[in-house]
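Participant: sequence and predicted structure below; questions after.
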Amino acid sequence: MDQNAIDMGLLILRLTIGVTLALHGIAKYRGGIDGVGRWFKSEGLSPGLLHAHLAAASEIVFGLAVGAGLLMPLSSMGYVGVMITAGWVGHRKNGFFIIKDGWEYVFVLAVAASVLALLGPGSWSVDNSLGIEMSGIGWFIATWLGGAGSAIALLLTFYRPDVDQ
């Protein structure tokens with residue numbers, strides 16, 4: 001297969017999901033982070049404003065890093081953690097399909113990010129320019145374990161959906 005085609009495909013995938021996540025983080029700030037904090041608190045994440053800032057900053061940082069192909073499996077791990085948390089807190093109760101605000105969308109984004117950890121960011125990436133080679137099945141597994149582990153730790157520590165908000 002043509003290596004340039006592979007590199008272009010990986011670049012398009014990285015930019016698509018990376019910029020998408022970063023824009024979600026920026027939208028949280030532009031739309032009013034206080035309102036996002038109130039919404040997070042109503043969903044069971046407390047303190048809501050802290051989690052609004054954590055979510056927005058994480059989305060911006062991990063989104064830009066994925067887009068650039070920087071420390072790909074670690075950036076993907078953060079991306080997966082954010083998507084698992086969003087899926088559990090905001091979408092799980094609505095079923096699978098996004099048309100009913102389900103978890104389909106965050107699941108597809110998490111899978112796409114983890115595939116980048118499996119395959120690597122490609123030659124047209126910051127990792128390649130720095131000589132960083134971190135990809136493969138081990139990094140794919142680490143991405144899911146680390147992403148899920150961070151989401152579970154956050155949820156066990158801060159998620160209280162049944163407490164009076």
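Facilitator: Yep, it's here.

Participant: which SS state does Pro161 fall under?
Facilitator: coil (DSSP: H, G, I helix; E, B strand; the rest coil).

Participant: and the most centrally placed residue in the chain, what pLDDT?
Facilitator: What sits nearest the mean C-alpha location of the chain, by C-alpha atoms, centre = their mean, is Tyr79, with 2.3 Å. Tyr79 is assigned 98 on the pLDDT scale.

Participant: ditto for the one 10 residues further on
Facilitator: For Val89, the pLDDT comes out at 96.

Participant: quick one: it is in a helix?
Facilitator: Yes. The assignment for Val89 by three-state DSSP puts it in a helix.

Participant: number of nearby residues for it?
Facilitator: 21 (other C-beta atoms under 10 Å). (Each C-beta comes from the backbone N, C-alpha and C, glycine too.)

Participant: so what's it closest to, chain neighbours aside?
Facilitator: Nearest-residue entry for Val89: Glu43, 5.2 Å, with adjacent residues in sequence omitted and distances by C-beta to C-beta, 6 or more residues apart in numbering.

Participant: pretty sure that neighbour contacts Pro161?
Facilitator: Yes. At 6.9 Å, Glu43 and Pro161 qualify as touching, with contact defined as C-beta atoms under 8 Å.
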